[in-house]
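> only geometry, no sequence info:
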């Protein structure tokens with residue numbers, strides 16, 4: 001499933017770059033607008049558009065590919081595959097801690113280690 005996702009993302013990025021390049025290469029309609037104000041023989045404000053050329057048809061095809069790739073990514077993103085277990089099922093059991101070889105030192109008696117507390121005595 002990850003391979004299909006990667007292929008659709010690559011197709012979408014290439015289609016987006018193609019759209020950007022084709023739109024930048026096209027001749028805008030605004031460049032002919034000066035002809036409508038007396039310097040040309042155009043009959044309308046933006047001139048006659050005529051039939052679409054190769055660049056505009058290629059842009060439409062790239063936009064269609066981009067749209068289909070976007071729908072494909074939406075479908076792949078929402079399509080959940082049922083898994084047999086959770087994340088915790090894949091973990092290994094932790095190793096048991098090693099026993100200490102040396103015996104513990106004997107503890108000192110509590111009375112011998114405790115200093116005499118003289119703060120509770122009242123001075124006379």
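Cool, got the structure. Keep in mind the model is a prediction, meaning the values are calculated, not measured.
> Skip the chain neighbours and tell me the closest residue to residue 76.
residue 5 (5.3 Å; C-beta to C-beta, 6 or more residues apart in numbering). Where C-beta positions appear, they are placed from N, C-alpha and C, glycine not excepted.
> Give me the contacts around whichever strand or helix holds the one you found.
Using DSSP states H and E, residue 5 sits in helix 2-25. By C-beta atoms under 8 Å, 6 or more residues apart in numbering, the residues outside helix 2-25 that reach it are 55, 58, 59, 62, 63, 65, 66, 69, 70, 72, 73, 76.
> hmm, which of the residues you listed are the buried ones?
58, 59, 62, 63, 65, 66, 69, 72 (16 or more other C-beta atoms under 10 Å).
> Quick check: which ranges of the chain have low pLDDT?
The chain contains residues with pLDDT under 70 at 1, 30-51, 81-85, 98, 100-124.
> what about 80?
The chain contains residues with pLDDT under 80 at 1, 27-52, 79-124.
> Tell me the spacing between residue 72 and residue 9.
10 Å (C-beta to C-beta, to the nearest Å).
> And for residue 26?
Separation of residue 26 from residue 9 (C-beta to C-beta) stands at 26 Å.
> can you give me the end-to-end distance of stretch 76-90?
Using C-alpha to C-alpha, to the nearest Å, the span of stretch 76-90 from its first residue to its last is 25 Å.
> Residue 93 in helix, strand or coil?
coil (DSSP: H, G, I helix; E, B strand; the rest coil).
> Look up the closest residue to residue 59, ignoring the ones flanking it.
Closest to residue 59 by C-beta to C-beta, 6+ apart is residue 22, at 4.4 Å.
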